[in-house]
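>>> got a sequence here, can you model it:
(chains A and B)
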Number of protein chains: 2
Amino acid sequence: MSTTPRSTDRKSFLEIVNACDNFPVPQQGLQKYIDSIDSFYHFVIPSVNQPIGLVVPSVATAFRGLQDWKLDESSTPKTLALVAGNDDVSRTAVVEKALHKFRDEKTFSILSRWRNELKPVYGPGGGLLFKLDRAAAPILGVVSYGIHLTAFTRINDGQIKIWVQKRSQSTAFYPGLLDNTVASSSIPDGQLPVEAAIREAGEEASLPEDLVRSKIKSCGTLTYMHLRDSLAIGEVGLLQPQVEYLFELELPDGVEPKPCDHEVEWFKLLEVVDLKRSISQDKVKPGYAVVALDFLIRHGLLNDQNEPDFVEITTRLHRTLELPVG
Amino acid sequence: MSTTPRSTDRKSFLEIVNACDNFPVPQQGLQKYIDSIDSFYHFVIPSVNQPIGLVVPSVATAFRGLQDWKLDESSTPKTLALVAGNDDVSRTAVVEKALHKFRDEKTFSILSRWRNELKPVYGPGGGLLFKLDRAAAPILGVVSYGIHLTAFTRINDGQIKIWVQKRSQSTAFYPGLLDNTVASSSIPDGQLPVEAAIREAGEEASLPEDLVRSKIKSCGTLTYMHLRDSLAIGEVGLLQPQVEYLFELELPDGVEPKPCDHEVEWFKLLEVVDLKRSISQDKVKPGYAVVALDFLIRHGLLNDQNEPDFVEITTRLHRTLELPVG
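Numbers count the residues shown, from 1 in each chain, chains lettered A, B, ... in the order given. Purely as a prediction, here's the structure:
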């Protein structure tokens, strides 16, 4: 209901959201959305009545001729079916076999960062379908689950300041950008998101487990569809549907996050105005920028009075996904 | 990632959300969504490059032959165009003329509750297109804007309790159901949502303006598409796209909302467990139930450990709308 003039060297927050949730939105252009959805091979498992992933053609066609996989290119949308395995263990073995082949033959550059760490893929109702290496989720276009923990403090007058980390210049992904106090793109199967957050708070930010456990607060989820671009590692155009479990932690005076390893350059307590400026100047990792916007909205620091795209931003941070969520 | 058994006499929270956001979701069934969208006449204004509303056929066809209006039934989707007026004042007059005719001729029962209170309709970019009587928004299927203010307190150990009102048995809409501390489906054009919330807090709950103004906190929006059912007044099947501006207010000890009129039977401070039970027993007005769920999510009281549909609920409370939002 209001508009704010913007300086031209900054992005609007809606542009920041658009860069992260960059898959067509059906309500904003139905034909474009249908064309996009239909341009992917839908990754299916015959016994599951919903697609599990969305696979770009250049990836799907690499499965052609592989035992245990079947392409159907006569259907709309085209499908890539996993036709072997009848439980999570056997499916995991079949998926791993194909991915190992692609890795060893250097078929896809994204697999050069093999992580040796399995992540779960869930079906409708939340049952585990199979696991695959963290590096390979965008190959099959399956939903990834992460956690974000935002630590903050209130100064004298109740004003909120937010702990951010600067990613090391030597880190492989998004070097030198600002990131959340604690974030992880991995929640092992069977581990609760809150337990993953507590563990990472210790490993990434040296925050004492007892303190985190007693004060951590769940505050919702973010969901978005990210088409990977050249800032990420690997092929451009792979789809990364994402669920982020959000937590926050009000730190008492005197407790500060500290780097544990070379991934983090420093932690700093930012004023809201500085965090906002960093976001609009593109100095924040895209996956954290959207989490930060949601934090600011939840705490009344981004609202209809200071943000012209307030309603649209709020909706876009919580997109309903086409794929099952665990 | 977890499932909780439910007793059969209660609705799940996802069922509660489904009852409020009850228009097909494109990501959950594209053809059904397309069929639904195409079954409405799209209400357009030639100079505006986006539909402004979604009109059911039985309403759209009543505009046939009216000066200033044009039906196009050969296009897909069919359209109802407002072809007169070139600013908000002239369009308001044209819309009012048609609606007065329908009211006087008793064409639609929903107009029997004429409110003599205009509400704004915005175009892309937030410009005012025209105003129409509050009662008539579902006739043209345009976006309605409301405010919700949730007052709560923290008892000794920090545990949250929530102020709810019981709607009077004699009120026309949703009598006897629980509702938010303060809620209004009307924000006059030019008034900030927060100002509407502060005013209503005084008028509806006797909360002192100074206190509310100093402590009220914006915390986001909800968006949903509600096909009106027999619980609402008027024709079944009219579409009500909704934006709710959300606020919360932590009340200090000793301050309590009090009824000002006969619309409210009482205010009561509910424990979270009692609020949850009331929601699942369908004792809560649908428009408040979804706001309450969002409050519980934001405060960590509904989370992935106690709610099997946690992620889907969070997304569904923030649907992107097909129509412009102001």
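>>> which parts of the stretch 51-200 of chain A are strands?
For the stretch 51-200 of chain A, strands defined by DSSP state E, counting those that start in this stretch occupy the ranges A:53-55, A:69-72, A:79-82, A:118-122, A:128-133, A:144-154, A:160-167, A:178-180, A:182-184.
>>> can you report phi and psi for the closest residue to A:Cys20 other than its chain neighbours?
Leaving out its chain neighbours, the residue that sits closest to A:Cys20 by C-beta to C-beta, 6 or more residues apart in numbering or on different chains is A:Pro286, at 4.5 Å. C-betas here are computed from N, CA, C, even on glycine. The phi/psi pair for A:Pro286 (degrees, to the nearest 10) reads phi -50, psi -40.
>>> what does the stretch 101-250 of chain A put close to chain B?
A:122, A:126, A:192-194, A:217-221, A:223, A:243, A:245 (C-beta under 8 Å from any C-beta of the partner chain).
>>> how about a cut-off of 10 Å?
Contact residues, the stretch 101-250 of chain A versus chain B (C-beta under 10 Å from any C-beta of the partner chain): A:120, A:122, A:125-128, A:143, A:145, A:187, A:189-194, A:216-223, A:225, A:243-248.
>>> possible to save the strands of the stretch 51-200 of chain A as TSV with mean pLDDT and mean neighbour count?
Converted to TSV, the strands of the stretch 51-200 of chain A look like this (pLDDT from 0 to 100; neighbours: other C-beta atoms under 10 Å in any protein chain shown):
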stretch	mean pLDDT	mean neighbour count
strand A:53-55	98	26
strand A:69-72	97	16
strand A:79-82	98	22
strand A:118-122	94	22
strand A:128-133	96	21
strand A:144-154	97	23
strand A:160-167	97	21
strand A:178-180	98	25
strand A:182-184	96	23
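>>> any chance of TSV for these, columns distance to B:Asp88?
Below are these laid out as TSV (distance: least, C-beta to C-beta, whole Å):
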stretch	distance to B:Asp88
strand A:53-55	43
strand A:69-72	53
strand A:79-82	50
strand A:118-122	49
strand A:128-133	53
strand A:144-154	41
strand A:160-167	39
strand A:178-180	43
strand A:182-184	46
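>>> who wins for proximity to A:Val272 among the ones you listed?
Closest of those to A:Val272 is strand A:160-167, at 6.4 Å (criterion: C-beta to C-beta).
>>> show me what that closest one is packed against.
Packing contacts for strand A:160-167, counted by 3 or more C-beta pairs under 10 Å, 6 or more residues apart in numbering or on different chains; DSSP states H and E, involve strand A:144-154, strand A:178-180, strand A:182-184, helix A:193-205, strand A:239-250, strand A:264-271, helix A:272-280, helix A:286-298.
>>> using JSON lines, lay out the ones you listed together with distance to B:Leu323.
Output for the helices and strands packed on strand A:160-167, formatted as JSON lines (distance: least, C-beta to C-beta, whole Å):
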{"stretch": "strand A:144-154", "distance to B:Leu323": "31"}
{"stretch": "strand A:178-180", "distance to B:Leu323": "34"}
{"stretch": "strand A:182-184", "distance to B:Leu323": "35"}
{"stretch": "helix A:193-205", "distance to B:Leu323": "34"}
{"stretch": "strand A:239-250", "distance to B:Leu323": "26"}
{"stretch": "strand A:264-271", "distance to B:Leu323": "36"}
{"stretch": "helix A:272-280", "distance to B:Leu323": "27"}
{"stretch": "helix A:286-298", "distance to B:Leu323": "21"}
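>>> isn't A:Ser47 right up against A:Ala84?
No: using C-beta atoms under 10 Å, A:Ser47 makes no contact with A:Ala84, being 11.7 Å away.
>>> for these two, indicate the residue with more neighbours.
The residue with more neighbours, out of A:Ser47 and A:Ala84, is A:Ala84; 16 against 9, by other C-beta atoms under 10 Å in any protein chain shown.
>>> now do the more buried one, the pLDDT please.
pLDDT, A:Ala84: 95.
>>> that one and chain B, how far apart?
A:Ala84 sits 26 Å away from chain B, going by C-beta to the nearest C-beta, to the nearest Å.
>>> count the neighbours of the residue nearest to that residue when sequence neighbours are not counted for me.
Spatial nearest neighbour of A:Ala84, excluding adjacent residues (C-beta to C-beta, 6+ apart): A:Asp68 at 3.7 Å. Neighbours of A:Asp68 under the rule other C-beta under 10 Å: 17.
>>> about what we covered before: check contacts around the residue nearest to A:Cys20.
Residues near A:Pro286 by C-beta atoms under 10 Å, 6 or more residues apart in numbering or on different chains: A:16-17, A:19-22, A:174, A:177, A:224, A:226, A:229, A:231-232, A:279.
>>> hmm, 8 Å instead?
Listed by C-beta atoms under 8 Å, 6 or more residues apart in numbering or on different chains, the contact set of A:Pro286 reads A:16, A:19-20, A:174, A:226, A:231.
>>> show me where pLDDT drops low in chain A?
Scanning chain A for pLDDT under 70 picks out the ranges A:1-8.
>>> try it again with 80
Within chain A, the stretches with pLDDT under 80 are A:1-9, A:230-233.
>>> bridge partners for the residue sitting nearest the centre point of it, pull those for me.
Most central in chain A under C-alpha atoms, centre = their mean is A:Gln242, positioned 4.3 Å from the mean C-alpha point. With DSSP bridges applied, A:Gln242 shows beta-bridge pairing to A:Ser144, A:Tyr224.
>>> what distance do you get for it to A:His148?
11 Å (C-beta to C-beta, to the nearest Å).
>>> which neighbours do those two share?
Joint contacts of A:Gln242 and A:His148 (C-beta under 8 Å, 6+ apart) are A:Leu222.
>>> circling back: among the helices and strands packed on strand A:160-167, which is nearest A:Ser170?
Proximity to A:Ser170 (C-beta to C-beta) singles out strand A:264-271 among the helices and strands packed on strand A:160-167, at 9.1 Å.
>>> who does that closest one touch, helix- and strand-wise?
The helices and strands touching strand A:264-271, judged by 3 or more C-beta pairs under 8 Å, 6 or more residues apart in numbering or on different chains; DSSP states H and E, are strand A:160-167, helix A:193-205.
>>> before we move on, the earlier item: wait, doesn't the residue nearest to the centre of chain A sit right on A:Thr223?
Yes: contact criterion C-beta atoms under 8 Å: A:Gln242 and A:Thr223 qualify, at 6.7 Å.
>>> report the contact partners of A:Leu231.
Counting by C-beta under 8 Å, 6+ apart, A:Leu231 touches A:174, A:286.
>>> and it, what are its phi and psi?
A:Leu231 adopts backbone torsions of phi -70, psi -30, taken as degrees, to the nearest 10.
>>> would you map out the domains in chain A?
A:13-20+A:143-316, A:40-140 (automatic domain parsing).
>>> tell me which of those sits most buried.
Mean neighbour count (mean count of other C-beta atoms under 10 Å in any protein chain shown) peaks for domain A:13-20+A:143-316 among those, with a mean of 19.
>>> that domain: end-to-end distance?
End-to-end distance for domain A:13-20+A:143-316, by C-alpha to C-alpha, to the nearest Å: 11 Å.
>>> so who does the closest residue to A:Glu248 other than its chain neighbours touch?
Closest residue to A:Glu248 apart from its sequence neighbours, by C-beta to C-beta, 6+ apart: A:Thr150 at 4.8 Å. A:Thr150 makes contacts with A:162-163, A:180-181, A:246-249, A:291-292, A:295, as judged by C-beta under 8 Å, 6+ apart.
>>> how about 7 Å then?
Counting by C-beta atoms under 7 Å, 6 or more residues apart in numbering or on different chains, A:Thr150 makes contact with A:162, A:180-181, A:248, A:291, A:295.
>>> so A:Met225 sits right up against A:Pro241, yeah?
Yes: under the criterion of C-beta atoms under 7 Å, A:Met225 makes contact with A:Pro241 at 5.2 Å.
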